[in-house]
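[1] My questions are about this predicted structure, shown below with the sequence.
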Amino acid sequence: MDEVRYPVLTQKSICILEMNQYTFKVDSQLNKTKMQIWIEHFFNVKVIAMNIYRLPEKGEKRGSIIGHPMHCKHMIIIVKPGASIPIFS
């Protein structure tokens, strides 16, 4: 799936792994239902909840033009207790 870019491994995301919460960086066009179906079929786990947050925009000024780089979302996925996603194990 091209919309899922990679798992996020920061200090906060590693701390929430103990609570069965996994963080992925995904494309900005991806929605919760697509992601939930993909995670459940690909990793064979039951998704309980999902949270999405968009990173803040940063403007770039080049001369008189102000542009915004391509943005993405972070998804926090909570799976059923006892299940795990093998990428993080």
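    Arrived safely, thanks for sending.
[2] buried stuff in stretch 49-60?
    Buried residues in stretch 49-60, counted by 16 or more other Cβ atoms under 10 Å: residue 50. For every residue, glycine as well, the C-beta is placed using N, CA and C.
[3] Start and end of it, how far apart?
    Terminal residues of stretch 49-60 lie 35 Å apart, using Cα to Cα, to the nearest Å.
[4] Report the rounded mean pLDDT for it.
    Per-residue pLDDT values across stretch 49-60 average out to 81.
[5] residues in contact with it?
    Applying Cβ atoms under 8 Å, 6 or more residues apart in numbering, the set of residues contacting stretch 49-60 from outside is 28, 32, 35-36, 66-69, 71-78.
[6] For those, work out which two are farthest apart.
    Using Cβ to Cβ, those span at most 37.6 Å, a distance reached by 66 and 78.
[7] of those two, who's got more company?
    Neighbour count, other Cβ atoms under 10 Å: between residue 66 and residue 78, residue 78 has more, with 15 against 9.
[8] and the more buried one, bridged to which residues?
    With DSSP bridges applied, residue 78 shows beta-bridge pairing to residue 21, residue 49.
[9] who's in contact with it?
    Counting by Cβ under 8 Å, 6+ apart, residue 78 touches 19, 20, 21, 47, 48, 49, 50, 51.
[10] Next, format these as a markdown table and append distance to residue 83.
    As requested, the contacts of residue 78 are arranged in a markdown table below (distance: Cβ to Cβ, whole Å):
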| residue | distance to residue 83 |
| --- | --- |
| 19 | 13 |
| 20 | 7 |
| 21 | 12 |
| 47 | 9 |
| 48 | 10 |
| 49 | 13 |
| 50 | 15 |
| 51 | 18 |
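[11] Report how many residues lie close to residue 4.
    Other residues lying near residue 4 total 17 when counted by other Cβ under 10 Å.
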